[in-house]
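Participant: Sequence first, predicted coordinates after that:
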Amino acid sequence: KSFGRYLAIGLSLTMTDVVSLKQQADSAVAQKDWATALSLYLQALAANENSMDVSINDESQQDTEEQSKERKTSSDLHAKIYANLSFVMINCEKFEEAMVYGKSAVSTAPSWGKAYAR
């Protein structure tokens, strides 16, 4: 299932769709298909940013407990995608890009140890 066409026309994807993209990218990494993994992670990142923007721009003043949990889940997923993008870039020998994504993973989830390893 490819979500690229939805992103291109600005349709938002659900968190389930973002997770599906990440899982597909993880499978591509396992097969060392770096180009596919890169494309899927970038799609997941864009879709997750879209969902984060929607929740941040919500008109309500206070988050419900569910909204707060969803925002945390989205942020954690964002950090994992950044870390995995860093790993892909290392394997593509694009070290400067790997550093950028690695730093983004750390800044998104500074308490997540694996972010520092990437």
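Facilitator: Perfect, I can see it now.
Participant: alpha carbons only for contacts and neighbour counts from here, please
Facilitator: OK.
Participant: Give me the distance between residue 105 and residue 31.
Facilitator: Distance, residue 105 to residue 31, using CA to CA, to the nearest Å: 23 Å.
Participant: Between these two, which is the more surrounded one?
Facilitator: residue 105 (28 against 11; other CA atoms under 10 Å).
Participant: what sits up against the host helix or strand of residue 16?
Facilitator: Secondary structure assigned from DSSP states H and E places residue 16 in helix 15-30. Residues outside helix 15-30 that contact it (CA atoms under 8 Å, 6 or more residues apart in numbering): 3, 34, 36-41, 43-45, 47-48, 51, 74, 81, 88.
Participant: buried set for that helix?
Facilitator: Using 16 or more other CA atoms under 10 Å as the test for burial, helix 15-30 gives 15, 17-26, 28-29.
Participant: Residue 95 contacts residue 87, doesn't it?
Facilitator: No. With contact defined as CA atoms under 8 Å, residue 95 does not reach residue 87; the gap is 9.6 Å.
Participant: Show me which of those two is the more surrounded one.
Facilitator: Neighbour count, other CA under 10 Å: between residue 95 and residue 87, residue 87 has more, with 23 against 15.
Participant: which element follows the helix or strand harbouring residue 43 toward the C-terminus?
Facilitator: Element membership for residue 43 (DSSP H and E) is helix 34-56. For helix 34-56, the following helix or strand on the C-terminal side (DSSP H and E) is helix 65-91.
Participant: now that following helix against helix 15-30, angle please.
Facilitator: Here helix 65-91 points in a direction 20 degrees away from that of helix 15-30 (axes from the mean of the first three to the mean of the last three CA atoms, to 10 degrees).
Participant: Show me which positions of helix 65-91 end up buried.
Facilitator: Under the neighbour-count criterion of 16+ other CA under 10 Å, helix 65-91 has 70-71, 74-90 buried.
Participant: Stretch 111-118 now?
Facilitator: By neighbour count on 16+ other CA under 10 Å, the buried set for stretch 111-118 is 115, 118.
Participant: CA atoms only for that stretch, dumped as PDB, please.
Facilitator: What follows is stretch 111-118, C-alpha atoms only, in PDB (Å, rounded to 0.1, in the frame of the first residue of the first chain):
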ATOM      1  CA  SER A 111      15.500  10.600  27.000                       C
ATOM      2  CA  TRP A 112      15.500   7.800  24.400                       C
ATOM      3  CA  GLY A 113      19.000   6.200  24.500                       C
ATOM      4  CA  LYS A 114      18.900   4.700  21.000                       C
ATOM      5  CA  ALA A 115      18.600   8.200  19.500                       C
ATOM      6  CA  TYR A 116      22.100   8.900  20.700                       C
ATOM      7  CA  ALA A 117      23.400   5.700  19.000                       C
ATOM      8  CA  ARG A 118      22.300   6.700  15.600                       C
END
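Participant: All set now, cheers.
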